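Student: below is the sequence, then the predicted model.
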Amino acid sequence: MNEAASTLEGWYALHDFRSMNWTAWKAADDEERAVALDELQEFWNDWKKVEEASQGSTVVYTVVGQKADFVMMHLRETLEDLKAVENAFNKTTFAKYTTKAYSYVSVVELSNYLGKEGEDPMQNPEIIARLKPVLPQRQYICFYPMNKKRELNDNWYMLSMDERRTMMRSHGMIGRSYAGKVKQIITGSVGFDDWEWGVTLFADDALQFKKLVYEMRFDEVSARYGEFGSFYVGSLLNESTLEEMLKL
Ligand code: VOV
């Protein structure tokens, strides 16, 4: 039997994609819109408090194209905390001007493919920071879910640990050449959602997503074993850029 990679898990993740119901937003009067925005502001402040208390992290980005209008990415300590933040948003006045577009549930994951022998990873502050990260406020986000293939000739799960480690090393080397340009957060979703991993990338230059993902397509682990879902790309929203987006 082949050996499963051991994994470390950190915060749970919810990518909550919403579309604007522009017809309803435009039909609301100024006061209704102001109430909705005030509540949203309060909600945003609550997220900041969670981050300050190191109990999670949240970022909000637009989504370009018709798949959604914006995404809230939440990291929290438990699935219950994620559900609570999702419910809290749904109860806001602002939520009634939005529709649900897509969601993805996963947990921040690190595998031991490239870990150091004999080291207890949970004693390493760098590892802890990667498992419970403050989400970066880079200008752009790219999210997509993916699987590793389980086909007769190309079955990732039938490979030996050594074969997988060799390929992951090559993957890591490509990734590292984007250090400073692209920050990745890999979340595992086996048993949680429809794909095996969520890939969330952050960059200040959106073209770096294209370059990185393209380069990885030639690397064996992606070329042979990668299967990909829909891609979502957009730019950072803060309270003022969100207001700008909603201004009529
Ligand atoms: C910014 C770039 C970047 C960097 C530095 C990087 C490095 C690394 C390392 C060192 C490791 C292994 C240890 C760990 O940390 O878990 C991984 C792990 C993983 N990766 Fe990665 N990856 C990147 C980027 C990166 C991208 C763009 C993708 C999507 C692939 C593509 O073709 O579109 C990806 C996927 C993954 C996945 C699904 C896993 C888990 C695989 C598993 O079987 O467990 N990843 N990744």
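Tutor: Structure received. Numbers count the residues shown, from 1 in each chain.
Student: could I get the full set of strands for this protein?
Tutor: Assigned by DSSP state E, the chain shows strands spanning 7-20, 56-62, 70-76, 98-111, 140-148, 182-188, 197-203, 226-228, 232-237.
Student: which residue packs closest to the residue of the chain found nearest the ligand, ignoring adjacent ones?
Tutor: Across the chain, the shortest distance to the ligand (Cβ to the nearest ligand atom) belongs to G175, at 2.1 Å. No exception for glycine: its C-beta is placed from N, CA and C like everyone else's. Among residues not flanking G175 along the chain, Q184 sits closest, at 6.6 Å (Cβ to Cβ, 6 or more residues apart in numbering).
Student: okay, now that neighbour: neighbour count?
Tutor: The number of residues packed near Q184 is 13, by other Cβ atoms under 10 Å.
Student: for it, what are its contacts?
Tutor: By Cβ atoms under 8 Å, 6 or more residues apart in numbering, Q184 lies in contact with 175, 199-202.
Student: is it bridged to anything, and to what?
Tutor: On the basis of DSSP bridges, Q184 is bridged to L201.
Student: quick one: the longest helix belonging to the chain to strand 70-76, angle?
Tutor: Identified as the longest helix of the chain according to DSSP state H is helix 30-52. Angle of helix 30-52 versus strand 70-76, following axes from the mean of the first three to the mean of the last three Cα atoms, to 10 degrees, is 30 degrees.
Student: list the contacts of helix 30-52.
Tutor: By Cβ under 8 Å, 6+ apart, the residues outside helix 30-52 that reach it are 25, 28, 56-58, 74, 76, 85, 88-89, 92-94, 96-97, 134, 239, 242-243, 246.
Student: residue contacts, the most centrally placed residue in the chain?
Tutor: For the chain, the residue sitting closest to the mean C-alpha position, by Cα atoms, centre = their mean, is T200 at 4.0 Å. Going by Cβ under 8 Å, 6+ apart, T200 touches 13, 15, 73, 141-143, 184-187.
Student: among these, which ones are buried?
Tutor: Burial by neighbour count, judged by 16 or more other Cβ atoms under 10 Å, picks out 13, 15, 73, 141-143, 185-187 from the contacts of T200.
Student: among those, which ones lie close to the ligand?
Tutor: I186 (Cβ under 6 Å from any ligand atom).
Student: need the buried ones among the contacts of T200 in a markdown table with pLDDT and distance to E39, can you?
Tutor: A markdown table is the format used below for those (pLDDT from 0 to 100; distance: Cβ to Cβ, whole Å):
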| residue | pLDDT | distance to E39 |
| --- | --- | --- |
| A13 | 99 | 24 |
| H15 | 99 | 22 |
| M73 | 98 | 20 |
| I141 | 99 | 24 |
| C142 | 99 | 29 |
| F143 | 99 | 26 |
| I185 | 98 | 28 |
| I186 | 98 | 33 |
| T187 | 98 | 29 |
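Student: can you select the buried ones among the contacts of helix 30-52 for me in PyMOL?
Tutor: Entered in PyMOL, the line below selects the buried ones among the contacts of helix 30-52, by 16+ other Cβ under 10 Å:
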select buried, resi 25+28+56+57+58+74+76+85+89+92+94+97+242+246
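Student: which of the contacts of helix 30-52 fall in helices?
Tutor: 25, 85, 88-89, 239, 242-243, 246.
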